[in-house]
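Asker: Sequence first, predicted model second:
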Amino acid sequence: MPDKVIEIHGLTKVYTMGEVEVRALAGLDLLVDEGEFLAVMGPSGSGKSTLMNILGCLDRPTDGTYKLDGIDVSTLDRDERAVIRNAKIGFVFQSFNLLARTSAVENVELPLIYGDLGWSREERHKAAMDALRRVGLKGREHNHPSQLSGGQQQRVAIARALVTDPAMLLADEPTGNLDSRTSEEIMGIFQSLNDSGKTVVLITHEPDIAQHAKRVVTVRDGVIQHDEKVEQQRVDVQGIAAPAAPIPVEATR
Amino acid sequence: MKSSVMRFSNIILVGLRAIARNKMRSFLTALGIIIGVGCVIAVVAIGNGATKSIENSTNAMGTNYIMVFPGASTSGGARLFTGNSTLTIEDADAIKAECPAVAYVSPTVRSAAQIVAGELNWGTSIQGVDVDYPLIRSWNVADGTFFTDQDVKSASKVAVLGKTVADNLFPDGQAVGQIVRIKNVPFKVTGVLEKKGGNMQGQDQDDVVVAPYTTVMKRLSGKTRIDMLQVSAASAGQVQEAQNEMDAVLRQRHRIAPRGDADFQMRSQEEIAQMAGQQSAILRVLLICIAAISLFVGGIGIMNIMLVSVTERTREIGIRMAIGAKGRHVLLQFLFEAVTLAVVGGGVGVALGIGASLIIKRFLQWPIVVTPTSVALSFGVAAFVGIFFGFYPARKAARLDPIDALRYE
């Protein structure tokens, strides 16, 4: 029986806008095992974004419990959530969200700067270089985001998400700004990382993209409507160095 | 937490990178502080220089130097300042004879005239003095000799030239032994005084001709009374004593009761220096106020740019928070940025202030003294300005909601 990475029971989120109360999540339950590749689908207004914010510990639920990697994070304050985000979650965003005028390797080092690992500069640099190599960006470490293509920028973002060895990668529409060929490549990277044991949670509204996951849940009206295992559509990625390589010793805690 | 020190250094690194990424804006932001601190340094340096030069000229003049001026005279109950001086040569003789705390006395008469030597002429002031004048003013003859006691007694037509006068009338430097004409009276030049430079008020002290007071009274001004007495106390410690003795002698001679209004005034060199010092202190306070205002304005400039920077970098703040930056990390980052701008600006300002001081020293010949205290103080003030004006924008950044910040376009 594998460990649960995500354990959600009765998750509720109510936004109060003036007099009106909006129930974005209405008692949602979700269990995710370690090593799963989960796609969360749903139309806009379904509560998908709210779920993503709570999964990412950016927001707190109004009610219900959320255990991430065995830790109850539903009642943590701002700073405590920051620590959890740093240690347990690797974010990948639709718009890449890299720091401009900052080299790829410096972008990847960023989470380590805020972390509690107590690493030296050299250790951080080495871990960042390893993470970039794992997403196939060897030789591009010192390029700035403006000197990289969209796909390459997203790879830098994935490397940044990986570098702290989080409990899960949380990808919010990671292919939304990319063409279909590059989207395939990015999904291939997620698959290879998943193959090496990393839990991946993918938020998307595109069924094509969701097909790259192993399990698809559909959110509607604040609850999970469908939850099914799917036949994973594999991508054979060229140029990814050692896709199934174990996580480097330096990058583990 | 064992790693907190290191993480703090990481935050500093983050702040430094942000500054380096926006070089032009960082420079313009710091400019207010640069100018403010530069002003403080230069102003304090000039002020200290002025104080120092007052001290120097006080010492050069001799700390035991006293001047006695005629004052308003009382006649028939009416106090009025007549054109006639209340001081006489006999007063000088009496002081010389009766005041043990007084070392030297020189009656002094002043006049102004055009001096002619051959083809050249020069307008200057004539000082008629006694033979002890060089001792009273600690002012020696550089070339030739001063006139003698005999010259004074016989009202000889001899003169000693100040350096400026000698340079203008005798560009070849051969002044001694030559004849100069003052108001058509020929005077023989016996010597040239040492260069003394400007006094506290910036007047050229070398632009003067010194002659026996008897000669000046008889041949040039026609005055029978003297314009002032220049006196030297026996020692610096006896200045007050000398003043008291002279006061008693002059009151007795002028028949003024001990508590009545005197018809003469005394100024010691110390009093003059104090007055000049007060003036320069007032000026300095004024200038420091201006500098403080410019520092304040510089601080507002930093706050303004930091607020713009926080807004502009909302997304960056969101990214940093998403990947694990706590509120205080963001606060420290922006605060550190503000303080760095202020302190680096302060450093450049110090350099600029010293540079400006040196230029002023070089071209305007003003005395300049840069003290470590003023440098340390401006640095401290700059850092304080950075913290004070950087805190509000930094707190604003730290309180951003990561979800909103990430969505910010």
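Answerer: Arrived safely, thanks for sending.
Asker: Those residues of the stretch 251-400 of chain B touching chain A, which are they?
Answerer: Counting by CB under 8 Å from any CB of the partner chain, the stretch 251-400 of chain B comes close to chain A at B:315-316, B:318-329. Yep, even glycine has a C-beta here, placed from its N, CA and C like the rest.
Asker: Name only those of the residues you listed that count as buried.
Answerer: Among these, those classed as buried by 16 or more other CB atoms under 10 Å in any protein chain shown are B:315-316, B:318-327, B:329.
Asker: Farthest pair within these?
Answerer: Largest separation among those by CB to CB: B:Arg315 and B:Lys326, giving 18.1 Å.
Asker: Which single residue of the stretch 151-300 of chain B approaches chain A most closely?
Answerer: Residue of the stretch 151-300 of chain B nearest chain A, by CB to the nearest CB: B:Gly298 (26.2 Å).
Asker: and that residue, how many neighbours does it have?
Answerer: Counted with other CB atoms under 10 Å in any protein chain shown, residues neighbouring B:Gly298 total 28.
Asker: what about the residue of chain B found nearest chain A, which SS state?
Answerer: Distances between chain B and chain A by CB to the nearest CB are smallest at B:Gly324, namely 2.4 Å. When classified by DSSP: H, G, I helix; E, B strand; the rest coil, B:Gly324 comes out as coil.
Asker: before we move on, which element is the most centrally placed residue in chain A in?
Answerer: Central residue of chain A (CA atoms, centre = their mean): A:Leu170, 1.6 Å from the mean position. A:Leu170 is located in strand A:168-172, with elements delineated by DSSP states H and E.
Asker: For chain B, tell me whether that strand is touching it.
Answerer: No: counting by CB under 8 Å from any CB, chain B has no neighbours in strand A:168-172; the shortest distance is 9.4 Å.
Asker: next SSE after that strand?
Answerer: Moving toward the C-terminus from strand A:168-172, the next helix or strand (DSSP H and E) is helix A:180-195.
Asker: got the contact list for that following helix?
Answerer: The contact list for helix A:180-195 (CB atoms under 8 Å, 6 or more residues apart in numbering or on different chains) reads A:35, A:37, A:134-136, A:149-151, A:154-155, A:158, A:162, A:169, A:171, A:174-175, A:178, A:200, A:202, A:209, A:212, A:214, A:232, A:234-237, A:240, A:243-244.
Asker: if we can go back for a sec, closest one of the buried ones among the residues of the stretch 251-400 of chain B next to chain A to B:Pro372?
Answerer: B:His329 (35.8 Å).
Asker: coming back round to it: buried members of the contacts of helix A:180-195 into PyMOL, please.
Answerer: Only the buried entries of those go into this PyMOL selection, using 16+ other CB under 10 Å:
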select buried, chain A and resi 35+37+134+135+136+150+151+154+155+158+162+169+171+174+175+178+200+202+209+212+214+235+237+240+243
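Asker: Low-confidence bits of the stretch 151-300 of chain B, can you list those?
Answerer: B:199-202 (pLDDT under 70).
Asker: how does it look with 90?
Answerer: Scanning the stretch 151-300 of chain B for pLDDT under 90 picks out the ranges B:171-175, B:177-178, B:183-184, B:194-206, B:217-227, B:232-241, B:243-244, B:250, B:252-299.
Asker: Any idea which residue of chain A lies closest to chain B?
Answerer: Nearest to chain B in chain A, going by CB to the nearest CB, is A:Asn86, at a distance of 2.4 Å.
Asker: list the contacts for that residue?
Answerer: With contact set as CB under 8 Å, 6+ apart, A:Asn86 has these partners: A:Pro111, A:Tyr114, A:Gly115, A:Asp116, A:Thr164, B:Ile323, B:Gly324.
Asker: Helix or strand: which one has the first one?
Answerer: It stands for A:Pro111. Element membership for A:Pro111 (DSSP H and E) is helix A:104-114.
Asker: go on, A:Arg160?
Answerer: For A:Arg160, the element it lies in under DSSP H and E is helix A:150-162.
Asker: is that helix anywhere near chain B?
Answerer: Yes: residues of helix A:150-162 contacting chain B under CB under 8 Å from any CB: A:Arg160.
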